[in-house]
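Asker: Prediction below, plus the sequence it came from.
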Amino acid sequence: MDWTKLLSIALGAILINNFIFAQFLGICPFMGVSKKMDTALGMGFAVTFVMGLASAICYFINLLLVRLGLEFMQTVAFILVIAALVQFVEMFLQKMMPALYEALGVYLPLITTNCAVLGAALLNVQNKYSFIESVVYGVTGGLGFLLAIVLFASIRERLYMVAEPPKCFRGFPIALITAGLMALAFGGFSGLQVF
Amino acid sequence: MNVGKQIKEGLWSQNPVLVQLLGMCSTLAITTSFSNGLGMGVSVTIILTLSNVIISLLRKIIPDKIRIAAYIVVIATFVTMVDLLLQAYLPDIAESLGVFIPLIVVNCVILARAEAFASKNRVLPAAIDGLCQGLGYTLVLLVMSVIREFLGNGTFGAGLLNGGEGYKVFSSDYSALMMVMPVGGFLTLGVLIALMQWVQGRSAGKGGK
């Protein structure tokens, strides 16, 4: 197994091509669930989990589609698999970890329409990743999302307490500008050479 | 049925991006050039209108419990069609929009309109709603891509006008490359939404007096 390649995929997904700040995947939950630290953490972990799982399952689905010559059904097949997966995760959490289920609330079903999950599955195919590489990409992409949303939530919590932006900037616009400045910081990683 | 009201809501007072804050990912990601913005906007408008029509037609047949899954299948079908058409006839745009074309499936604008409007209304209003919301979305994409392309590259309409070269307004030596990078997307959208809130706050204030 090629460890350096796996490491470069991982570093790339977390820092250099961060799903939020470089690829713009998963902005909706990033903006919607980042007002409080604990929900941001929950969402981050849920996305990481679902992304890893979805990358693994979609790898096999893609093999099947290629075998049948149905590659053009990729989008439809992937989104259905992800929707079903999220449903299963939801039922599992409800039964096994009701506290986490309560905390995630409405955001869990929303992962279905999180473009980061579908995006990771599609990018895996586009980049022709092997099974292991796909899973690594999915999980580390999720970790990148987790890192971004946790950092963002901690800034936003303080922002609400101390900052007094002009009236028209309150709420969403100032959050976007904050995210923009964070993207600028993350842009610094783009010069990072991985092996 | 009130077409004028629907147009006004789609383009302005209930604009999907600036007011409803939906469909952020593609808005931020692809608005780096005029042709990208136009390609994405038109694709989304077509998919939104067609899926609104189909979902409105099927609204009495789809069981309530699995409605989201059913909507997604309808939307995914149209997205696949548009994706294949773009690859066949406009390969350049398909190339530069890349993964964001299949990702229209999870664009919240479409699902939100399906859930909030198409599933409760007859076919014609649903089609008009799709068209108006789609146009509102396109409008924002165009405004954003014009701003970002102008400040970031010093051009207007690259990839589309003037034989694909676009019109050079000033040399790219003086442009802020930052604006076509992710940062620029966040900043431009943030300022646009603030502007929107400012204008709406003012007109609401006037109405109050």
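Answerer: Happy to help now that I have it.
Asker: Return the per-residue confidence for residue 43.
Answerer: If you meant another chain, say so; for now it's chain A. Looking at A:Met43, its pLDDT is 84.
Asker: You answered for a different chain; I wanted chain B.
Answerer: We have a pLDDT of 94 for B:Ser43.
Asker: how far is the strand or helix carrying B:Phe150 from where the chain is centred?
Answerer: Counting by DSSP states H and E, the element that carries B:Phe150 is helix B:123-153. Here helix B:123-153 is found 5 Å from its chain centre; the criterion is CA atoms, centre = their mean, to the nearest Å.
Asker: What is the burial count for A:Trp3?
Answerer: Neighbourhood size, A:Trp3 [other CB atoms under 10 Å in any protein chain shown]: 7. (Glycine included, C-beta is placed from N, CA and C.)
Asker: go on, A:Gly191?
Answerer: 7.
Asker: Tell me how far it lies from chain B.
Answerer: 13 Å (CB to the nearest CB, to the nearest Å).
Asker: lowest-confidence helix or strand of the chain?
Answerer: Unless you meant another one, I'm taking chain A. helix A:107-110 (a mean of 72; mean pLDDT, DSSP states H and E).
Asker: Can you look at chain B instead?
Answerer: Result, chain B / mean pLDDT, DSSP H and E: strand B:167-168, a mean of 78.
Asker: What strands line up against that strand, and which way round?
Answerer: When pairing is defined by DSSP bridges, strand B:167-168 lines up against strand B:155-156 (antiparallel).
Asker: what's the average pLDDT for the strand it pairs with?
Answerer: On average, strand B:155-156 scores 82.
Asker: who touches B:Leu142 in this structure?
Answerer: Residues in contact with B:Leu142 (CB atoms under 8 Å, 6 or more residues apart in numbering or on different chains) are B:34, B:37-38, B:41.
Asker: Who wins on neighbours among the residues you listed?
Answerer: Taking other CB under 10 Å as the neighbour criterion, B:Gly37 ranks highest of the contacts of B:Leu142 with 26 neighbours.
Asker: If you count neighbours, what's buried in the helix or strand harbouring that residue?
Answerer: Assigning secondary structure by DSSP H and E places B:Gly37 in helix B:34-57. For helix B:34-57, burial by neighbour count (16 or more other CB atoms under 10 Å in any protein chain shown) applies to B:34-56.
Asker: measure stretch A:6-22 end to end?
Answerer: For stretch A:6-22, the separation between the terminal residues is 20 Å (CA to CA, to the nearest Å).
Asker: Run the chain-centre distance for that stretch.
Answerer: Computed by CA atoms, centre = their mean, the chain-centroid distance of stretch A:6-22 equals 11 Å.
Asker: can you pull the buried residues of it?
Answerer: Buried, per 16+ other CB under 10 Å, within stretch A:6-22: A:6, A:9-22.
Asker: go on, stretch B:155-173?
Answerer: Neighbour-count burial for stretch B:155-173 flags B:155-160, B:166 (criterion: 16+ other CB under 10 Å).
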